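S.K.: Output the structure for:
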Amino acid sequence: MSVNVRTPKFDATTTISSDYGIFGIPLSEQESRLVLLPVPWEVTTSYGQGASNGPRIIREASEQIDLFDIETKTAYEEGIFMQPISKEIHQMSKEFKSYAQEVIELKTNMSTDEQKIATLTEKVNSASEKLTSWVYNETKKILAAGKLFGLVGGDHSSPLGAIRAICEQHNVNGKSEVGILHIDAHSDTRKAYQGFEQSHASIMYNVMHSTESQRPCKLVQLGIRDFCEEEYNFIQSRSDIKTFFDIPVKQRLLKGETWESIASDVISQLPQKIYISFDIDGLDPRFCPSTGTPVIGGLSTEEVFYLFNLLAQSGRKIVGFDLNEVSTGDAESSDWDGNVGARMLYKLCGWSIVTNR
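M.R.: Numbers count the residues shown, from 1 in each chain. Below is the predicted model of the structure:
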């Protein structure tokens, strides 16, 4: 990994104000090395709610974070900027979520009105396609400006367009060089879950069925502890997917193996260019209890931080990332979830900058 350091655009002596951008960093988008795309979307969520508020509560909590980090040091000096949260996308999310919820209710009640279910489902699928196209185009703009990229969701269907754009940018002879490190409680490899083609539970199925130039060369999953038999069989059928299921990982730890050894095994499965797709429910739910589909078990923040550090030490490059499912639950806000989400996001930003020097 190169040790060349860019000239800082500001330093610790700069007066920080809440009027500044995310993390209180006083730089414009043009001045910043890394640009974050917020996606306030939660149309297909089927259990909890509030993921569309994730970008907002993370942005609000970010001002509480001290910028100097013991691992990434002063990476923030190169600039981190979050674009404005789209009111149009947020309104679309509210509108089409109501259709999705009606579909789920009709199916739950075993309705025989198949025409209504089909019509509403098609509306949701069409809206999801529009969202993916919007994210794809916005991601391409950020990349074309020479910026590092991160996405803040939203439910986990949000980054499909971004992943396709990142993979497309880093390919040789039509094949992507990017591998995905997917941290999640769920495998997210269901095909059109509940009839929704771009469900939050289908993101990695859709990623791995994208065109060759937009598909990662490897998908490595960690923290996975909730999945159906169909998903398990799908994972086993693909040589380009490696899943570190949570129970076997915990068994290795209980037998005395170190986290360093396990994390090294995870990293060894990845190519040199990495996209990190991080669903916050990959963590133990005590860290983000308001997330939509919490599952017992999972990773600690220290384990995730160590994994990121080890990944950087390996010389691999983080070419993009997303953070999803930070939620308010039924409330308007959740200070704790926003705080944890902001801190995880800050680490992702810092390591992205450091590994791209």
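S.K.: When you work out contacts or count neighbours from here on, use the C-alpha atoms and nothing else.
M.R.: Will do.
S.K.: quick one: contacts for Ile224?
M.R.: When contacts are counted by Cα atoms under 8 Å, 6 or more residues apart in numbering, Ile224 touches 183-187, 243-246, 282, 298.
S.K.: Quick check, pLDDT for Ser334.
M.R.: For Ser334, the pLDDT comes out at 86.
S.K.: What's the local residue count around the closest residue to it other than its chain neighbours?
M.R.: Nearest residue to Ser334, sequence neighbours excluded (Cα to Cα, 6 or more residues apart in numbering): Thr328, at 4.9 Å. Using other Cα atoms under 10 Å, Thr328 is surrounded by 27 other residues.
S.K.: Correct me if wrong, but Thr328 is in a helix.
M.R.: No. Under DSSP: H, G, I helix; E, B strand; the rest coil, Thr328 falls outside any helix and is assigned coil.
S.K.: gap between it and Asp335?
M.R.: 8 Å (Cα to Cα, to the nearest Å).
S.K.: list the residues that contact both of those two?
M.R.: Here Thr328 and Asp335 share the contacting residues Ile57, scored by Cα under 8 Å, 6+ apart.
S.K.: To what extent is the spatially closest residue to Pro84 that is not a sequence neighbour buried, counted in neighbours?
M.R.: Ranked by Cα to Cα, 6+ apart and with sequence neighbours excluded, the top spatial neighbour of Pro84 is Pro38, at 7.3 Å. Neighbours of Pro38 under the rule other Cα under 10 Å: 26.
S.K.: Kindly report the same for Arg238.
M.R.: 12.
S.K.: Over to Asp113?
M.R.: Asp113: 10 neighbours (other Cα under 10 Å).
S.K.: show me the contacts for Ala201.
M.R.: Contacts for Ala201 (Cα under 8 Å, 6+ apart) come out as 156-157, 186-190, 193.
S.K.: in its sheet, what does the lowest-mean-pLDDT helix or strand in the chain sit against?
M.R.: Lowest by mean pLDDT, DSSP states H and E among the helices and strands of the chain is strand 171-172, with a mean of 93. Here strand 171-172 is paired, per DSSP bridges, with strand 175-176 (antiparallel).
S.K.: Tyr172: neighbouring residues, count only.
M.R.: Residue 172: Val, not Tyr. Residues near Val172, counting by other Cα under 10 Å: 10.
S.K.: cool, and Gly174?
M.R.: Residues near Gly174, counting by other Cα under 10 Å: 14.
S.K.: and if you look at Leu67?
M.R.: For Leu67, using other Cα under 10 Å, the count is 21.
S.K.: Could you report the pLDDT at it?
M.R.: Confidence score, pLDDT, at Leu67: 97.
S.K.: Check the one 5 residues further on too.
M.R.: Here the pLDDT value assigned to Thr72 is 98.
S.K.: now the one 5 residues further on
M.R.: Confidence at Glu77, expressed as pLDDT, is 97.
S.K.: Just to check, the residue nearest to Pro84 is in contact with Asp155?
M.R.: No. Checked against Cα atoms under 8 Å, the pair Pro38 and Asp155 is beyond contact range at 11.3 Å.
S.K.: For Leu253, what are phi and psi?
M.R.: With angles defined as degrees, to the nearest 10, Leu253 sits at phi -70, psi -40.
S.K.: Does it touch Ala263 like I think?
M.R.: No. Taking contacts as Cα under 8 Å, Leu253 lies outside contact range of Ala263: 11.3 Å.
S.K.: between these two, who's got more neighbours?
M.R.: Ala263 (19 against 14).
S.K.: Next up, identify which helix or strand the more buried one is on.
M.R.: Using DSSP states H and E, Ala263 maps to helix 259-268.
S.K.: Downstream of that helix, the next helix or strand is which one?
M.R.: strand 273-279.
S.K.: List of residues touching whichever helix or strand comes after that following strand?
M.R.: Using DSSP H and E, the next helix or strand after strand 273-279 towards the C-terminus is helix 301-313. With contact meaning Cα under 8 Å, 6+ apart, helix 301-313 is reached by 1, 71, 259-260, 263-264, 267, 283, 287, 347, 351, 354-355.
S.K.: circling back to that earlier point, can you pull the buried residues of the helix holding Ala263?
M.R.: Residues 259, 262-263, 266-267 are the ones in helix 259-268 that count as buried (16 or more other Cα atoms under 10 Å).
S.K.: Same question for stretch 315-335.
M.R.: 316-329, 333-334.
S.K.: Also stretch 348-357?
M.R.: 348-356.
S.K.: Could I get the CA-only coordinates of it as PDB?
M.R.: The C-alpha trace of stretch 348-357 is given here as PDB (Å, rounded to 0.1, in the frame of the first residue of the first chain):
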ATOM      1  CA  LEU A 348     -15.600   2.900   6.000                       C
ATOM      2  CA  CYS A 349     -14.800   6.400   4.800                       C
ATOM      3  CA  GLY A 350     -11.400   6.500   6.500                       C
ATOM      4  CA  TRP A 351     -10.200   3.100   5.300                       C
ATOM      5  CA  SER A 352     -11.500   3.900   1.800                       C
ATOM      6  CA  ILE A 353      -9.300   7.000   1.700                       C
ATOM      7  CA  VAL A 354      -6.300   5.300   3.200                       C
ATOM      8  CA  THR A 355      -6.400   2.300   0.900                       C
ATOM      9  CA  ASN A 356      -6.600   4.500  -2.200                       C
ATOM     10  CA  ARG A 357      -3.500   6.600  -1.500                       C
END
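S.K.: Right, I'll call it a day here.
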